[in-house]
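Chemist: my questions concern the predicted model and sequence given below.
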Amino acid sequence: MKKYLILTMFFVSFAFAQNSVVQQFSKAFADVAEKANPAVVTIITNKVIKMQAFDRNNPFQFHQPFNPQEGERRQNALGSGVIIDSEKGYILTNNHVVDDVDGIQIKLIDKRVFEAKLIGADVKSDLAILQIEAKDLNEIKLGDSDKLRVGEWVMAVGSPFSANLSHTVTTGIISALGRSNILGNSRNYEDFIQTDAAINPGNSGGALLNMKGELIGINTAIATGGYERSNRGVGFAIPSNMAKKIMGDLISKGYVVRAWLGVYIQELDDAKARALDLEIRDGALITDVIEGSPAKKAGIQEGDLIISVDGEKVKNTSNLKNLVSLTAPGSRSKVEIIRNGRNKTITVILEEMDQDESITFGKRESSKLTDLGLEVRKLTNQFRHEYEISEADDGLIIVNVDPTSDAAKKGIRSGDLIKRVGTKKVDSVRNFKTVIEQSKEKGAVLLLIKKPNGNSRFFTLKL
C-alpha cells in the first residue's frame, strides 16, 4: 500500500510539473507576441498605372468598352515593417515592399494611419528604411543574430494576404542558418535565416523574434516549390546583424557603404578539392584578380583558396562576400589563404566600393567535363593577334575542340586560354601533357581557363 501511494504521488507530481512547464512555455510565447505586436506595422503601397487608350485600328488590342480613353488605374500592394526607433519614427522593411511605388502608408495596430517617407533602400540586401511622424510609438530591440542556433524557437509577426489579417503571429524553429542563392541574383548579399514559422505574401518586411522578444530577422522570402504562393514550411529572414549595419548606413548616408576586395570567386566542390589536394571543402576559390584592386595590390593570386577573413572562417562564396562587404573600408584585413598546399596570411587594405561599380565578386558555376578533347598550342604573337589576347596574359591557347566531346558541350571553345592546370602554371605543351598524365591517378584535372571576354573560370575534367 505504501509503495502504491508513493507511485501515485510520483505520477501526480510528474503530471503537475509537465503542466507547469507547458503553461510557462505558452506564457512565454504570449508575452513575446504582446510585446512585439505594437511595433510591427502594416505597409500599404500604391502605384498609378497608365492605361493605354483604345485604338480601333489596332486588331491586336483587346476591346475596353468601359474605358475607351487613356486613363489611370491605382494598384495597391501589401507588406509589413518593424519600428526600430520610436522617437524618430524609423521603420525597417524589405526593399521589394516599397520599390517603385508612388505612395506608402503605414497602419499601426491601434488603426492609426500615416504617410511614410522613404529614407533609403538597398537592392542588394533587399532592405529599406521608412520614416513616419507619429507619437506614442513602440519599438523592438535588435538581438544578436550571430548567437542563433538551429532548433531555437522563433516567432514571426506580419500581415499575410490582406490588411484584415494584420499582426498575425506564427511560431516555429530555426531550420538552418547561412542560406544563400535564394533570390536568384548572384550580385545580392544573402545570409538568410531559414525557419518553418509560417511566412506568406504580405509578411515581407515583418519581424522574426527570439524568445526574448528581440528582433533577430526581417522576414523576406518563402520557398513554394513553384506551384503556389503560400507557405510550404520554408521561409527566409535577413539576420538582424546584417540589417543593423545596412540600416545605419541608409539612415546616415542614404546608401550602403561596402568594402571591396576585387576578385572573381567560385565554389569549392569535392572534385576541385581532390584535384587541388585539399582536405577541406570550405572556402572561396579565386579564378581571377581584378587589376588595381585591393586583392591585386596585396598579392592575392588566381588559384588561391580564401579560408578566413580576420579570423572568421569562410564557408562559401556568399559568406566571403558578406564578410568583406560588411567590413569598414580602409580596414587592414587578415586574409588567410591556401596556395600550392600551404597556408599563408596576407594583409589586405580594403577599399570602399564605388556605388556604380559593377564588378566586385564574380561567381562562376562549375562545369563537369568528362573528356578533354582539346588541342593546345604555345601562345605566340600570331595567336595573340588572331584571338586578340593581351600581352599581359600568358598560358596555352586552345586551337581546336573536338565537337563531340563534353568539353565542347560545356562551352570550351577555340581561343580560350589555359592559365593553370591544378595549382601549376603551364608554359609549354609538353609541360601540359606531363601534368595531365600525373593527374590521371586522381581521376580528375582542374583547368583555369580565361575566356576572350576576360572572364576566368575553373573547369573540372574527369580522366
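Modeler: Now that the structure is in, tell me what you want to look at.
Chemist: quick one, helices of the stretch 101-250 of the chain?
Modeler: Here the stretch 101-250 of the chain has its helices, by DSSP state H, counting those that start in this stretch, at 240-252.
Chemist: which residues of the stretch 101-250 of the chain score low on pLDDT?
Modeler: 184-187, 224-231 (pLDDT under 70).
Chemist: repeat for the stretch 301-450 of the chain
Modeler: Using pLDDT under 70, the stretch 301-450 of the chain drops low at 354-372, 381-382, 385-386, 403-406, 409-410.
Chemist: how about the helices in it?
Modeler: Counting by DSSP H, counting those that start in this stretch, the helices of the stretch 301-450 of the chain are 317-325, 381-387, 406-409, 429-439.
Chemist: could you dump those to CSV with mean neighbour count?
Modeler: (Glycine included, C-beta is placed from N, CA and C.) As requested, these are exported to CSV (neighbours: other Cβ atoms under 10 Å):
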stretch, mean neighbour count
helix 317-325, 24
helix 381-387, 12
helix 406-409, 18
helix 429-439, 15
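Chemist: I'd like the ones you listed laid out as CSV, including distance to Glu139.
Modeler: Formatted as CSV, the helices of the stretch 301-450 of the chain follow (distance: least, Cβ to Cβ, whole Å):
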stretch, distance to Glu139
helix 317-325, 26
helix 381-387, 61
helix 406-409, 56
helix 429-439, 59
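Chemist: of those helices, which is nearest Gly395?
Modeler: Smallest distance to Gly395 across these (Cβ to Cβ): 9.6 Å, for helix 429-439.
Chemist: just checking, what packs against that closest one?
Modeler: In terms of contacts (3 or more Cβ pairs under 8 Å, 6 or more residues apart in numbering; DSSP states H and E), helix 429-439 is packed against strand 374-378, strand 417-421, strand 444-450.
Chemist: doesn't Gln24 lie inside a helix?
Modeler: Yes: counting by DSSP: H, G, I helix; E, B strand; the rest coil, one finds Gln24 located in a helix.
Chemist: what about it, how many residues nearby?
Modeler: Neighbourhood size, Gln24 [other Cβ atoms under 10 Å]: 9.
Chemist: ok, now the one 4 residues further on?
Modeler: For Ala28, the neighbour count with other Cβ under 10 Å is 15.
Chemist: pLDDT score for it?
Modeler: Predicted confidence (pLDDT) for Ala28: 83.
Chemist: need phi/psi at it.
Modeler: Dihedral pair for Ala28: phi -60, psi -40, per degrees, to the nearest 10.
Chemist: which non-adjacent residue is nearest it?
Modeler: Among residues not flanking Ala28 along the chain, Met211 sits closest, at 5.8 Å (Cβ to Cβ, 6 or more residues apart in numbering).
Chemist: OK, contacts around the one you found?
Modeler: Counting by Cβ atoms under 8 Å, 6 or more residues apart in numbering, Met211 touches Ala28, Phe29, Val32, Glu152, Trp153, Val154, Met155.
Chemist: go again with 10 Å.
Modeler: Phe25, Ala28, Phe29, Asp31, Val32, Glu152, Trp153, Val154, Met155, Thr171 (Cβ atoms under 10 Å, 6 or more residues apart in numbering).
Chemist: Ser166 too?
Modeler: Shown in contact with Ser166 (Cβ under 10 Å, 6+ apart): 37, 40-42, 78, 80, 107-109, 111, 157-160, 202, 206.
Chemist: among the residues you listed, name the ones in strands.
Modeler: Under the assignment DSSP state E, those contribute Val40, Val41, Thr42, Leu78, Ser80, Lys107, Val157, Gly158 to strands.
Chemist: which one among those gets closest to Glu115?
Modeler: Lys107 (11.2 Å).
Chemist: which residue is the nearest non-sequential neighbour of the residue nearest to the spatial centre of the chain?
Modeler: Against the mean C-alpha coordinate of the chain, by Cα atoms, centre = their mean, the closest residue is Glu190 at 1.8 Å. Nearest residue to Glu190 in three dimensions, chain neighbours excluded: Ser180, at 4.3 Å (Cβ to Cβ, 6+ apart).
Chemist: okay but Leu209 is in contact with Ala33, surely?
Modeler: Yes: look at Leu209 against Ala33 with Cβ atoms under 10 Å: they come within range, at 8.6 Å.
Chemist: neighbour count for those two, which is higher?
Modeler: A side-by-side neighbour count of Leu209 and Ala33, using other Cβ under 10 Å, places Leu209 first with 29 against 17.
Chemist: how much space is there between that one and Thr195?
Modeler: Computed as Cβ to Cβ, to the nearest Å, the Leu209 to Thr195 distance reads 11 Å.
Chemist: do the same with Pro294
Modeler: Counting by Cβ to Cβ - Pro294 and Thr195 are separated by 36 Å.
Chemist: quick one, which of these two is more surrounded?
Modeler: Using other Cβ under 10 Å, the more surrounded residue of Pro294 and Thr195 is Thr195, with 27 against 22.
Chemist: check contacts around the residue nearest to Trp260 when sequence neighbours are not counted.
Modeler: Take Trp260 and drop its neighbours on the chain: the residue closest to it by Cβ to Cβ, 6+ apart is Met353, 3.9 Å away. By Cβ under 10 Å, 6+ apart, the residues touching Met353 are Val256, Val257, Arg258, Ala259, Trp260, Leu261, Gly262, Val324, Ser325, Pro329, Ile359, Thr360.
Chemist: a markdown table please, covering those residues and showing distance to Ile129.
Modeler: A markdown table is the format used below for the contacts of Met353 (distance: Cβ to Cβ, whole Å):
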| residue | distance to Ile129 |
| --- | --- |
| Val256 | 11 |
| Val257 | 15 |
| Arg258 | 17 |
| Ala259 | 21 |
| Trp260 | 23 |
| Leu261 | 27 |
| Gly262 | 29 |
| Val324 | 23 |
| Ser325 | 18 |
| Pro329 | 21 |
| Ile359 | 27 |
| Thr360 | 23 |
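Chemist: from the ones in strands among the contacts of Ser166, list the buried ones, please.
Modeler: Val40, Val41, Thr42, Leu78, Ser80, Lys107, Val157, Gly158 (16 or more other Cβ atoms under 10 Å).
Chemist: how many other residues sit next to Gln75?
Modeler: Gln75 has 11 nearby residues by other Cβ under 10 Å.
Chemist: tell me how far it lies from Val48.
Modeler: Using Cβ to Cβ, Gln75 is found at 8 Å from Val48.
Chemist: overlap of the contact sets of these two?
Modeler: Listed as contacting both Gln75 and Val48 by Cβ under 10 Å, 6+ apart are Val101, Asp102.
Chemist: ok, Asn188 to Arg413 distance?
Modeler: The gap separating Asn188 from Arg413 is 30 Å, by Cβ to Cβ.
Chemist: the more surrounded of these two?
Modeler: Neighbour count, other Cβ under 10 Å: between Asn188 and Arg413, Asn188 has more, with 16 against 12.
Chemist: sweet, I'm off.
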